[in-house]
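Q: Provide a 3D model corresponding to the input given below.
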Amino acid sequence: MWYVLAIVLGVIGLFAILLYNSLVGKKNQVENVFGSIDALLKKRYDLVPNLVATVQQYMKHERDTLTKITELRARAVSGNISDDEKVALDNQITKMLGGIMVAVENYPELKANENFLQLQGSMNEIEEQISAARRAYNASVTDYNNAVEMFPTNIMASMMSYRRKNVFEIPDRERENVNVKELFSR
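A: Below you'll find the predicted structure:
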């Protein structure tokens, strides 16, 4: 009788260990992918001052927008912001950078500037990498959220105080085309 009870408890213990390890692995995967996004955002933030300086030479009357991008970048790299704040700042910077790239069409000399073309190419490459990293992050978060919400891992997740995480989403207003006139009229 004790032998059967020991086997049952051993199986239950093994099952609990497997659930625990699975949840920890999923949480660590989410953190790892977010770290990749963070590194890419840092690369982007490092390019912003060069881009702003180059564009400022041509876009004298758009200085307010360029100043705002610089301020957002400074807040983003300050290091004392939450992941949610980092996502919000990233969304604002993405929108404003998109507006600058669209506005460049009005400056033929700038479009031909070798330094600007190199910066623009670097920025485009980083934006593509950020997009891919966001997709990987969302996949990891979805896998993690499924584990946190589905039976039986939800029981272990509750005991470990694991909560659902948010995926990277673009707000509806960010999905609209960039209105360059509105962007530079501020």
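Q: where exactly do the helices run in this structure?
A: Using DSSP state H, the helices of the chain run over residues 2-56, 63-76, 83-103, 108-112, 114-149, 153-159, 180-184.
Q: how about low-confidence regions in this structure?
A: 60-61, 170-186 (pLDDT under 70).
Q: one step back: so which of the helices of the chain gets nearest F168?
A: The closest of the helices of the chain to F168 is helix 114-149. By CB to CB, the value is 4.5 Å. Backbone N, C-alpha and C define where each C-beta goes, glycine included.
Q: so which bits of that closest one are buried?
A: Residues of helix 114-149 classed as buried by neighbour count (16 or more other CB atoms under 10 Å): 116, 119-120, 122-123, 126-127, 129-130, 133-134, 136-138, 140-141, 144-145, 147-148.
Q: residue contacts, the closest residue to Q129 other than its chain neighbours?
A: With sequence-adjacent residues excluded and distances taken as CB to CB, 6 or more residues apart in numbering, Q129 is closest to L40, at 5.2 Å. By CB atoms under 8 Å, 6 or more residues apart in numbering, L40 lies in contact with I126, Q129, I130, A133.
Q: quick check: L89 touching S78?
A: No - contact status for L89 versus S78: not in contact, 9.8 Å apart, counting by CB atoms under 8 Å.
Q: those two - which one has more neighbours?
A: Shown here are L89 and S78; by other CB atoms under 10 Å, L89 has more neighbours (19 against 10).
Q: wait, what's in contact with the more buried one?
A: Listed by CB under 8 Å, 6+ apart, the contact partners of L89 are L72, R75, A76, I81.
Q: quick check, nearest of the residues you listed to V167?
A: Nearest to V167 among those: I81, at 19.0 Å, using CB to CB.
Q: now, which of the contacts of L89 sits nearest V4?
A: I81 (55.4 Å).
Q: which residues are in contact with the closest one?
A: R75, L89 are the contacts of I81 under CB under 8 Å, 6+ apart.
Q: same deal with the one 5 residues further on?
A: Contact analysis of K86 by CB under 8 Å, 6+ apart lists D38, L41, A76.
Q: now with 10 Å, please.
A: Going by CB atoms under 10 Å, 6 or more residues apart in numbering, K86 touches F34, I37, D38, L41, R75, A76, V77.
Q: the fifth one and E85 touch, don't they?
A: Yes - with contact defined as CB atoms under 10 Å, R75 and E85 form a contacting pair (8.2 Å).
Q: number of nearby residues for L5?
A: 9.
Q: and G13, by the same measure?
A: Neighbours around G13, by other CB under 10 Å: 10.
Q: many thanks, have a good one.
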